[in-house]
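Asker: can you look at this prediction? I've put the sequence above it.
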Amino acid sequence: MACVRRCLLFLLSFNLQFTAIVEIRLEINMNIKSEDIHNAVTKHLADAQKFLCDVVAIPSLSGQEADAMNLVAERFGKIAAVERVAMSNSLRDDKDYSDPVPGIEYDGRFNVRADLKGSGGGKTLLLNTHIDTVPPSPNQDRPFDPQVKDGCVFGRGACDAKGQAATVYLVMAALKELGVPMKGNLVAHLVTEEENGGNGTLAMVRHGEQADGCIVLEPTELRILSSVRGAVWFRVTLRGKAGHSGRASDTRSAVKMAIRVVEILEAYHAKLLASSRGDALFDKFSNPMPLTIGKFQAGNWPASAPAEATLEGVLGLLPNITAKQVMEQMTAAIKNEGGRDIAENFTIHFMYRHDSSVCPTDHPLVQTLQQAARSAGAKGEIDAMTASCDAWLYNNQLNIPTAVFGGGSLGVAHAANENMPVAELATAAEAIVAAALAWCE
């Protein structure tokens with residue numbers, strides 16, 4: 001029912017907009033009306049929905065995206081110039097490579113670059129989204145058998161982020177339908193391996209790209225996320241001294257050492273959160289940069305002190321501090337506050353190291369996207385993202401101003417009821433078409 005209510009609200013906003021002839025005009029070539037964009041998107045919406053269902057039906061866990069990427073290349077090849085950008089195992093040597101999933105091969109794999117070339121002399125807009133997904137949730141009904149009901153497409157990856165890929169497809173199809181020549185280029189990166197650290201986008205960044213603005217498509221409920229928090233994923237290993245429970249004085253429990261490390265990290269998180277206050281976009285959230293311990297492994301017998309314990313987790317970080325600083329401070333806290341046994345018997349490995357990404361709210365990219373979103377019937381709210389994504393690779397490393405935007409909700413991403421409301425997919429596409437027409441001049 002939530003999907004039905006959201007779809008009705010968007011449809012109502014469209015009807016009010018057009019019947020009242022409330023036209024929010026962008027300074028675009030040919031002065032295309034919002035109604036023209038709406039009609040072009042509507043004409044190709046069924047095709048975009050079919051593409052979404054087809055790609056959801058292909059499992060594409062990180063490192064296992066080949067079949068889905070082939071489909072993406074084939075479908076986008078019908079509406080844009082497509083390049084299969086090869087990846088290789090040399091990516092593992094990159095300083096920003098993420099390795100939470102060991103042993104992934106890259107030789108023979110590829111990302112997709114799609115390009116609608118302009119006539120020349122205009123600005124380039126880059127779009128990015130990912131094709132990989134997390135595994136199905138427990139009790140998820142038919143994760144790879146997409147279902148369309150109540151105005152939504154259900155299935156693993158429906159909103160995170162195959163629905164975003166369908167949005168990009170719809171944007172390019174609608175622009176071709178409009179037949180309006182843009183001076184600048186519209187380029188899309190459709191990548192692998194976002195979910196386990198952004199290695200697909202990292203490969204595209206190292207391949208090289210020039211653009212004047214970038215929109216990373218993720219489920220944002222049509223909010224424009226100009227600030228995105230960073231994160232570090234970590235693995236802490238504690239070495240104890242194994243022994244019988246009846247000889248406690250001769251043992252050193254790695255489990256107890258790990259519990260103490262969690263306490264240290266909780267205290268560090270509290271201090272970091274307090275020192276990160278003062279950012280207007282993030283301050284409304286009670287905990288925009290949480291500490292999560294997701295895995296804890298130790299021991300093989302109830303009556304034995306284990307010799308080793310391993311815990312893995314993620315710690316968010318806000319724009320006031322870098323991932324490098326957080327890693328140094330976490331390591332120092334464990335070493336200095338855990339006592340001699342821990343200090344001499346722990347290792348920490350950071351598997352994922354993302355800085356925050358910030359595009360000022362008054363930047364022309366953000367303002368153009370906000371006006372475009374409003375022209376499509378969305379509120380155009382500017383907000384912060386309390387999860388990390390690939391935006392920082394474009395914004396921080398290529399110096400391309402970057403914002404995050406898309407239909408669907410992070411609240412159902414990775415969940416058993418993951419879905420993409422088709423009306424939001426269409427609204428996001430209308431907004432990006434309008435933004436592209438204004439930006440690529």
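Answerer: It's in. All figures in this text were calculated on a predicted structure; none of them were measured in a lab.
Asker: where does residue 424 fall, helix, sheet strand or coil?
Answerer: helix (DSSP: H, G, I helix; E, B strand; the rest coil).
Asker: do you know how far it is from residue 418?
Answerer: 14 Å (Cβ to Cβ, to the nearest Å). C-beta here means a position set from N, CA and C on the backbone, and glycine is covered the same way.
Asker: before we move on, what about residue 312?
Answerer: 24 Å.
Asker: helices along the stretch 51-200 of the chain, start to end?
Answerer: Here the stretch 51-200 of the chain has its helices, by DSSP state H, counting those that start in this stretch, at 66-76, 162-178, 199-207.
Asker: for the stretch 51-200 of the chain, which segments count as strands?
Answerer: 81-86, 110-116, 125-130, 147-149, 152-154, 186-191 (DSSP state E, counting those that start in this stretch).
Asker: buried set for the third one?
Answerer: Of all the residues in strand 125-130, those buried under the rule 16 or more other Cβ atoms under 10 Å are 125-130.
Asker: between the residues you listed, which is nearest residue 217?
Answerer: Nearest to residue 217 among those: residue 129, at 4.0 Å, using Cβ to Cβ.
Asker: next up, the contacts around that closest one.
Answerer: Contacts of residue 129 were listed using Cβ atoms under 8 Å, 6 or more residues apart in numbering, and they are 161, 164-165, 167-168, 188-191, 216-218, 406.
Asker: how about residue 69?
Answerer: Contact partners of residue 69, counting by Cβ under 8 Å, 6+ apart, are 60, 109-112, 131, 190, 192.
Asker: ditto for residue 164
Answerer: So residue 164 contacts 129-130, 217-219, 406-408 (Cβ under 8 Å, 6+ apart).
Asker: now it: how far from residue 318?
Answerer: Look at residue 164 and residue 318: by Cβ to Cβ, they are 25 Å apart.
Asker: could you pull out the strands for the stretch 301-441 of the chain?
Answerer: Assigned by DSSP E, counting those that start in this stretch, the strands in the stretch 301-441 of the chain fall at 304-305, 308-317, 346-354, 357-358, 382-385, 402-405, 419-421.
Asker: can you lay out these as TSV showing mean neighbour count?
Answerer: Output for the strands of the stretch 301-441 of the chain, formatted as TSV (neighbours: other Cβ atoms under 10 Å):
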stretch	mean neighbour count
strand 304-305	18
strand 308-317	20
strand 346-354	18
strand 357-358	25
strand 382-385	21
strand 402-405	28
strand 419-421	29
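Asker: of all the ones you listed, which lies closest to residue 270?
Answerer: Each of the strands of the stretch 301-441 of the chain has some distance to residue 270 by Cβ to Cβ; the shortest is strand 308-317, at 11.6 Å.
Asker: parallel or antiparallel, list what pairs with the closest one.
Answerer: Using DSSP bridges, the strands paired with strand 308-317 are strand 230-239 (antiparallel), strand 291-298 (antiparallel).
Asker: that strand vs strand 346-354, what angle?
Answerer: Using axes from the mean of the first three to the mean of the last three Cα atoms, to 10 degrees, the direction of strand 308-317 lies 30 degrees away from that of strand 346-354.
Asker: my read: residue 370 touches residue 224, true?
Answerer: Yes - between residue 370 and residue 224 there is a contact under Cβ atoms under 8 Å: 5.7 Å.
Asker: where do the contact lists of the two overlap?
Answerer: Common neighbours of residue 370 and residue 224 (criterion: Cβ under 8 Å, 6+ apart): 380, 382.
Asker: neighbour count for the two, which is higher?
Answerer: Set residue 370 next to residue 224 and count neighbours by other Cβ atoms under 10 Å: residue 224 wins out with 25 against 22.
Asker: that one and residue 371, how far apart?
Answerer: 10 Å.
Asker: residue 180 against residue 440, yeah?
Answerer: No - with contact defined as Cβ under 8 Å, residue 180 does not count as touching residue 440 (10.1 Å).
Asker: those two - which one has more neighbours?
Answerer: residue 440 (24 against 17).
Asker: ramachandran coordinates for that one?
Answerer: As for residue 440, its main-chain torsions (degrees, to the nearest 10) stand at phi -80, psi 40.
Asker: which one is it nearest to, not counting chain neighbours?
Answerer: residue 184 (3.3 Å; Cβ to Cβ, 6 or more residues apart in numbering).
Asker: what do you get for residue 116?
Answerer: For residue 116, the closest residue by Cβ to Cβ, 6+ apart turns out to be residue 186, at 4.4 Å.
Asker: quick one: contacts for that neighbour?
Answerer: Contact partners of residue 186, counting by Cβ under 8 Å, 6+ apart, are 115-116, 118, 124-125, 127, 171-172, 175, 436, 440.
Asker: try 7 Å
Answerer: By Cβ atoms under 7 Å, 6 or more residues apart in numbering, the contact list for residue 186 reads 116, 125, 175, 436, 440.
Asker: on that earlier part again, can I get the strands paired with strand 308-317 in CSV with mean neighbour count?
Answerer: Shown next, in CSV, are those (neighbours: other Cβ under 10 Å):
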stretch, mean neighbour count
strand 230-239, 22
strand 291-298, 14
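Asker: which of those sits closest to residue 143?
Answerer: Within the strands paired with strand 308-317, the stretch nearest residue 143 is strand 291-298; the backing value is 20.4 Å (Cβ to Cβ).
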